[in-house]
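> structure, please.
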Amino acid sequence: MKQLINYLLFLCIGCCFSFFYDHQLYRLLALLSAVILASVSYLYTRRTWTPYAMILFALLATQQQSFLYYLPLLLYCIRRQHFSYTILLYLLPILFHLRMENLYLCTAIAIFSIFAISLRQQWEENEEIKLSFMRQRDATKELADILSNKNRHLLVQQEQEIRIAILDERNRIAREIHDHVGHLLSSALLQIGAIQAIQKEDKLKEPLQNLRDTLSQGMDNVRSSVHDLHDDALDLQVTLQRLLKDYSFCDGTLEYDVLHPLSQQTIYHILAIVKESMNNTMKHSNATKYSITVREQPAFYQLILRDNGTRHSSVPWQTRGIGLSNMQERVADMHGYLNITHTSGFQIYITLPKEDKP
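Numbering: from 1, shown residues only. Sure thing, here's the model as predicted:
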């Protein structure tokens, strides 16, 4: 908008010169030429023929004084990189018309021309500063986004490591309880049974039986606690990541998008299906990539297992083996659906309804 105002300013200056000094028929032609040239320069800054049109206008100004009045507007239209080798050419019209009767006119046009050049340079410098600022701002914002993404990734990774450490500690505690406390209670129960077998006194039968019942109840509580600890320590995402990490046959990727926790029974079924699929890929395919996708939809869970290999076994995919039959049985137990395709590689699509859905 500021540049447009500058164009209009020098156009008005040229019109004023034309009104006071020119009474020829070329006045209208010079005005139209100046308006067209200024409009083209303002709207189409990258036109290659614009400098040549300006040179033609300057040459016309050497022949007709009507064009000389718009010389400041012409100089304002010139881009800064053209000043060095064309500035003298654009000032030639002033020298051609420099006579005693036109001394004040040429002096005024020269002053306004210098002012136009200075104003144009100042505007371009401001535009360069503005453009540099915008680039710096964009670069800073991009860098901030990159740092934010890295920090978010580090936080997620840190939370994942903490969760894995907690799950490992739960498993360790469960093993310790099972190996030590469980074995001690089992040994105590065996000893109580042996004492009951050899003890003949009636007054000790009831206390020994009560002691045995108490130990049995404690054994059941320990077993239940160990199972609960182990079940809580079983995280589907972490377990799938470990399976892919230990899968040396080909590269594996995991896409996990589940917000609500799955039941332990569903996790056991999914892990068994994934292991069977990975074994089938290793035995019957020449795949180089294997991917696992687990997504949560509003009414169901989706499990997609795929590889990019081709069959090189003599057994066709349509022949249902024990592994695929086991997959089908597990999916049926969860009231789900299984679909197998092998158009490009091998894909297994499994849909499992959510337990809270009918």
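
> hey, where'd the strands end up in the stretch 151-300 of the chain?
Taking DSSP state E, counting those that start in this stretch as the test, the strands found in the stretch 151-300 of the chain are 251-257, 289-296, 300-307.

> could you say which helix or strand holds the most centrally placed residue in the chain?
The chain has N149 as the residue nearest its centroid, 8.9 Å off, counting by Cα atoms, centre = their mean. Take DSSP states H and E as the rule and N149 turns out to sit in helix 103-176.

> helices and strands around that helix, which ones?
Packed against helix 103-176, as judged by 3 or more Cβ pairs under 8 Å, 6 or more residues apart in numbering; DSSP states H and E, are the following elements: helix 2-21, helix 71-77, helix 83-96, helix 205-232, helix 236-246. Placement of C-beta: from N, CA and C, glycine included.

> list the helices and strands the shortest one packs on?
Going back to what we said before, that points to helix 71-77. Helix 71-77 is packed against helix 2-21, helix 26-43, helix 50-63, helix 83-96, helix 103-176, with contacts defined by 3+ Cβ pairs under 8 Å, 6+ apart.

> quick one: mean pLDDT over the third one.
Going back to what we said before, that points to helix 50-63. Averaged across helix 50-63, pLDDT comes to 68.

> state the next helix or strand along the chain beyond it.
helix 65-68.

> and that following helix, what does it pack against?
Judged by 3+ Cβ pairs under 8 Å, 6+ apart, helix 65-68 is in contact with helix 2-21, helix 26-43, helix 50-63, helix 83-96.

> now the weakest link among the ones you listed, please, by mean pLDDT.
If the helices and strands packed on helix 65-68 are sorted by mean pLDDT, helix 2-21 sits at the bottom with a mean of 57.

> can you list contacts of stretch 154-163?
For stretch 154-163, the surrounding residues in contact (Cβ atoms under 8 Å, 6 or more residues apart in numbering) are D235, V238.

> how is the protein carved up into domains?
2-129, 155-232, 236-353 (automatic domain parsing).

> the ones you listed: lowest mean pLDDT?
Comparing those on mean pLDDT, the least confident stretch is domain 2-129, scoring a mean of 67.

> still on that earlier bit, quick one, the helix holding N149 and helix 236-246 angle?
90 degrees (axes from the mean of the first three to the mean of the last three Cα atoms, to 10 degrees).

> about what we covered before: would you format the strands of the stretch 151-300 of the chain as TSV with distance to S263 and mean neighbour count included?
Formatted as TSV, the strands of the stretch 151-300 of the chain follow (distance: least, Cβ to Cβ, whole Å; neighbours: other Cβ atoms under 10 Å):
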stretch	distance to S263	mean neighbour count
strand 251-257	17	13
strand 289-296	13	18
strand 300-307	11	20
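
> wait, which of those strands is closest to N339?
Using Cβ to Cβ as the criterion, the shortest distance between N339 and those is 10.1 Å, found for strand 300-307.
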